[in-house]
Structure formats: C-alpha cells, structure tokens
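Enquirer: build the 3D model from these lines:
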Amino acid sequence: MSDGRAGDHDGYLFKRSMWLKEWRKRYFLLKGNQLTFSKKKGDEPHGMIDLEKCVTVKSAEEKTNKRNCFEIATPENVFYMYASTEKEKDEWIGAIGRAIVRYSNVYHDDDDADDY
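Expert: Residues are numbered from 1 along each chain as shown. All right, here's what the predicted structure looks like:
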C-alpha cells in the first residue's frame, strides 16, 4: 500500500531561490503533473510546480554558470535547479519532459497525441 509519497521520480536537487538567488538543497518529488519540493525527504512540501502549465524543461548551464543545471519554464516563472551529476540532470530533464508531454494542455487537443 502506498503512503501517498511514492512518485514518478524523486531526489535532491539544488534550487535557486526566486528573490535572493541563493542555491538551496531541496528534496523534489515528481508525481503526475506536480513537482513538489521540501527541505528534506518526509517534510511537507513548501512549493509546487504545476507541469500542466510548463512550457519547457532544458539545460541552463550557460545562463547560470552552474554545471548540471536546468530550467523549468512556466508562463509566470523560470525555476533553476542543478543536480550533483550530469546523469542525474539528464534523468530529471527526461522525467519532467515526459510529464509535460503527458499532462500538458498543448498536446491533449491534438489528434496525434497517441503517437507519442
């Protein structure tokens, strides 16, 4: 039986804070179309990115001068995170990309949606 915390992908990333631009270690949990983050695993999430509204997920190393960095862009905000390794970064981009395709409003009204 699931405790409700099991997700599609999870782990620690460093996230840049919106206002102070400081990098802080956060625990991320991707579940369906929601990417939540908290200070540590098991804590109540204190933030959420709705991937249904997400426009892109892509590498952002040049923008931030951080290795293994990527961005998640919504119409309102751009979130920057970095992983400990390139493999982790690629896994996160892949998992988030699949969630965007699966849940994005952009793809649901297309007759070819089943051809993913």
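Enquirer: if I look at the nearest residue to residue 71 once chain neighbours are set aside, how far off is residue 74?
Expert: Distances taken as CB to CB, 6 or more residues apart in numbering place residue 60 nearest to residue 71, at 4.0 Å, with adjacent residues excluded. No exception for glycine: its C-beta is placed from N, CA and C like everyone else's. Residue 60 is 14 Å from residue 74, where distance means CB to CB, to the nearest Å.
Enquirer: spit out the contact partners of residue 88.
Expert: Neighbouring residues of residue 88 by CB atoms under 8 Å, 6 or more residues apart in numbering: 11, 13, 68.
Enquirer: I'd like to know how far it sits from residue 82.
Expert: Distance from residue 88 to residue 82, by CB to CB: 9 Å.
Enquirer: which residues do these two both contact?
Expert: By CB under 8 Å, 6+ apart, the residues touching both residue 88 and residue 82 are 13, 68.
Enquirer: residue ranges for the helices of the chain, please.
Expert: For the chain, helices defined by DSSP state H occupy the ranges 61-64, 86-103, 105-108.
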